[in-house]
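[1] Requesting a structural model of the entry that follows:
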Amino acid sequence: MNLDELQRKLIAAARAHPPSDRVPYAFEQRILARVRGLPGHDAWTLWARSLWRAATPCVALMVLLLAWVLLAPASHPTNGDLSQELENTVLAAAEQEVPPADILR
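    Next comes the predicted model:
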């Protein structure tokens with residue numbers, strides 16, 4: 001069906017039946033009573049639900065990374081001293097010799 005034709009028919013039907021100005025008896029009181037009956041929002045409950053939902057993907061990611069580390073073959077032999085390798089990597093730039101003339105430029 002043509003959307004323009006459908007829109008024209010719907011607008012014509014809406015114009016043919018204008019809304020009533022009459023409001024049902026005690027409508028406001030019924031709505032307010034229903035709103036008051038709703039439970040309030042507890043911020044701690046919302047935080048707890050969000051954190052529990054976030055825990056599942058975090059645990060799954062941790063398990064996948066653990067499996068990857070344990071099952072992947074070592075790309076290079078390590079001597080077992082990770083702290084020494086980290087220190088060498090961090091201080092590699094500081095150990096490079098720079099001529100004094102380059103510093104003054």
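[2] Three-state assignment for Ala92, please.
    When classified by DSSP: H, G, I helix; E, B strand; the rest coil, Ala92 comes out as coil.
[3] Could you tell me how far it is located from Leu82?
    From Ala92 over to Leu82 the distance is 16 Å, taken as CB to CB, to the nearest Å. Bear in mind the C-beta positions are built from the backbone N, C-alpha and C, glycine included.
[4] Work out for me the element the most centrally placed residue in the chain sits within.
    For the chain, the residue nearest the mean C-alpha position is Ala54 (9.2 Å; CA atoms, centre = their mean). Using DSSP states H and E, Ala54 sits in helix 43-71.
[5] Look at the residue nearest to the centre of the chain and report its pLDDT.
    The score at Ala54 is 95. That number is its pLDDT.
[6] how much space between Ala13 and Ser20?
    The gap separating Ala13 from Ser20 is 16 Å, by CB to CB.
[7] By mean pLDDT, point me to the weakest helix or strand of the protein.
    Of all helical and strand segments in the chain, the minimum by mean pLDDT, DSSP states H and E falls on helix 100-104, at a mean of 60.
[8] wait, what's in contact with Arg30?
    Counting by CB atoms under 8 Å, 6 or more residues apart in numbering, Arg30 makes contact with nothing.
[9] do you know how far it is from Asp21?
    Using CB to CB, one obtains 19 Å as the distance from Arg30 to Asp21.
[10] Right, I'll call it a day here.
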